Each structure stands twice: as structure tokens, then as C-alpha cells.
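Q: Here is a sequence with its predicted model. Questions after.
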Amino acid sequence: MCLSTSAFAASDVFLISRGLDDEFIGSHEVQKMPRGGYKELRLCGQSYWVRPYSVAWTKWEEQLGHKIRLEVNQGYGWVVLCTKPTTQLNLKDVGIYASLEKTMEHGDPDKELTNRFQAIRRTFVMRNGLTPEQAEAEISKNYENRGSRLSQFLNNRDKN
């Protein structure tokens, strides 16, 4: 099922993972215009720009048994634009030549831990009068690196 997106020009479009009973699992936004670091793909006859990691994520979610759809929300609920976009997505089309497992193990390169630390450090510094070094020490002592989603899955599987 595909719908024209011309009516949705002002709305945000997402690749959405849904589980049983269509419950929301996660999403990745896609762009309708070119953007740095994004690759152009045709999904249900329409051009979109997608981050390479988003393509890997959709393939991973699909392997986990989740439904992947291209959806839009204009404030009154989600509208499905494309029911099976993963059939049109390929890792090599977006420049990923590693296996899906290896790609997911490395995680999303756009969500760097350092950016998160910087934002938290600024909050500590501003609220508590700490130096940046003191704030980083406070943050680091409570931080536990859990790794990528794939690593967590494999670790949990091995424990059982």
C-alpha cells in the first residue's frame, strides 16, 4: 500500500518499527529534501533521504520480527505511506558493506557519547558551580557503557 506524499509536504515522515498489535517500538526520521550524510532512496515511488544507519536499523528491526512502515503524523494520528519499505532498502545502496550484525554492533555513529557527556557536563557546571573536570568526574563515576543494542541482545541471550 502506498499513498502520495504530496498532501503530507509539511509533515514529518518516519520509518517506524511496530510490534504486536502495532505498538510503537522505535523510529528514524527520513527527509524529503537532500541533507548532508543522507542518501537518496526511492520508497514506494517517492524520493526520500535516509541516514545509512537508519537503513541498517530497519533491517535489524525486521529480523527481530517487527513491522517496518513509512508513516507520517500531521497531529491527528499516524498515516501509513508505505507498508513494506524494507523490501526497497539495501545496505549497499547507502554505502554499508559490512554485515548487518557488525553494523549494528558498532551502533549509530551520529549519536556519539561525547555529545551526551558535553550536554550533561554543561548542566552540572551551571547548576552546581563545578569545573568541567569535576562535572565529568561526577558523570563518569555513574556511567556504565552498555554497548550497542546488538551487544545487549547477545549478552542477555548468553545469560539465559
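A: It's in. All values reported here derive from a predicted model rather than from experimental measurement.

Q: Show me the beta-bridge partners of Glu29.
A: Phe14 (DSSP bridges).

Q: Isn't it up against Asp12?
A: Yes. Taking C-beta atoms under 8 Å as the definition, Glu29 is a contact partner of Asp12 at 6.2 Å. Bear in mind the C-beta positions are built from the backbone N, C-alpha and C, glycine included.

Q: now Leu70: how far from Tyr53?
A: Noted for Leu70: a distance of 17 Å to Tyr53, by C-beta to C-beta, to the nearest Å.

Q: more crowded one of these two?
A: Using other C-beta atoms under 10 Å as the criterion, Leu70 and Tyr53 rank with Leu70 on top: 26 against 21.

Q: which residues in this structure form helices?
A: Assigned by DSSP state H, the helices in the chain fall at 52-63, 100-106, 113-128, 132-142, 149-159.

Q: Show me what the shortest one is packed up against.
A: Helices and strands touching helix 100-106, as assessed by 3 or more C-beta pairs under 8 Å, 6 or more residues apart in numbering; DSSP states H and E, comprise helix 52-63, helix 149-159.

Q: Confidence-wise, which of the helices of the chain is weakest overall?
A: For these, mean pLDDT drops lowest on helix 113-128, to a mean of 56.

Q: how far does stretch 18-36 stretch from start to finish?
A: 28 Å (C-alpha to C-alpha, to the nearest Å).

Q: Quick check: buried residues in it?
A: Of all the residues in stretch 18-36, those buried under the rule 16 or more other C-beta atoms under 10 Å are Arg18, Ser27, His28, Val30, Lys32.

Q: now swap in stretch 40-52 and tell me
A: Within stretch 40-52, the residues scored as buried using 16+ other C-beta under 10 Å are Leu41, Leu43, Cys44, Gln46, Tyr48, Trp49, Val50, Arg51, Pro52.

Q: May I see the residues you listed arranged in a markdown table, with distance to Ala98 as well?
A: Formatted as a markdown table, those follow (distance: C-beta to C-beta, whole Å):
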| residue | distance to Ala98 |
| --- | --- |
| Leu41 | 19 |
| Leu43 | 23 |
| Cys44 | 27 |
| Gln46 | 28 |
| Tyr48 | 23 |
| Trp49 | 21 |
| Val50 | 17 |
| Arg51 | 15 |
| Pro52 | 11 |
